[in-house]
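K.L.:
This is a predicted model, with the sequence first.
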Amino acid sequence: MKRSILFLLTLLSSMVQANDLIDLINGDKPACSSAVVRLSVKPIPCIKDDLDSDLFDIPNLELDFSDLEDVFNGAESSGGHTIGPMNYPRRMGLPITPFPMALRCQAKLLSDGGKRVSFLSKQSFSLNAIQFTTYLFADRWLHGIALGAELNPSNWVEVPVSPAVELKNYSVTLGYNKKTNKLSLTACEGNLKTGGDSTVAACSEVEFSRYSYKVKTRLKTLILKKNIRIQKTLDISCRI
């Protein structure tokens, strides 16, 4: 009889431990150092594990590189881009402006998936009256992560991974209107899928004077797929 009671108590104890483990796996109370907690938009009740911040790959953000997989399914960056006539800045025989014009620009691409951290990618390029269109190649982005969803964060950390979002269809064009004598800066994201078989491009354009010191334009697109909602913000800032 005593053996039966002892066996029953042992079995019940094992079941309680198993249930606690199941609750932990299901996310009822994860470890405070887990990616689920650190990448959450809102605070999550968790079990403190007193993990030393020095154990993190990115101590100031309390992140490990493995955690980045939870940010929009981040993937390793891959180099190379398709080579073709449309992959290079568009160049014509005559300049598009009757006066010299050159822009030094920086592009910032914020990929915000509603997590505690966001991807912020950067690349620089130039435009002028002869080479007035350029593509923002996917392999030229310098990827990093930052707390929150700001284009000018106080804390930005470069990482060797990129967000699993479309990066290769961005272009920037310098234009000129002869009637108004105004210049324009246009940023576009092409090959956006529609409900039918056709594709469209989303663009943002701003006009400016040849005497302007700097010019900016910003384009926002939204990715909606099942339970995933990612907002992409392309910010173009140029000095003349």
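P.N.:
Perfect, I can see it now. Bear in mind the structure is a predicted one, so any value in this text is a computation, not a measurement.
K.L.:
Which helix or strand in this structure has the lowest average pLDDT?
P.N.:
When each helix and strand of the chain is scored by mean pLDDT, DSSP states H and E, helix 2-25 comes last, with a mean of 38.
K.L.:
Arg104 sits in which helix or strand?
P.N.:
strand 102-112 (DSSP states H and E).
K.L.:
That strand pairs with which strands?
P.N.:
strand 117-128 (antiparallel), strand 228-239 (antiparallel) (DSSP bridges).
K.L.:
The closest residue to Cys32 other than its chain neighbours and Ala31, how far apart?
P.N.:
Leaving aside its chain neighbours, Cys32 sits nearest to Cys46 (4.0 Å; criterion: Cβ to Cβ, 6 or more residues apart in numbering). C-beta: built from backbone N, CA, C; applies to glycine. Relative to Ala31, Cys46 is positioned 6 Å away (Cβ to Cβ, to the nearest Å).
K.L.:
what residues are shared contacts of those two?
P.N.:
Residues touching both Cys46 and Ala31 (Cβ atoms under 8 Å, 6 or more residues apart in numbering): Val37.
K.L.:
In terms of neighbours, single out the busier of those two.
P.N.:
Cys46 (18 against 14; other Cβ atoms under 10 Å).
K.L.:
now the spatially most central residue of the chain, which residues is it bridged with?
P.N.:
Nearest residue to the geometric centre of the chain (Cα atoms, centre = their mean): Ser111, 2.7 Å. Judged by DSSP bridges, the bridge partners of Ser111 are Phe119, Lys232.
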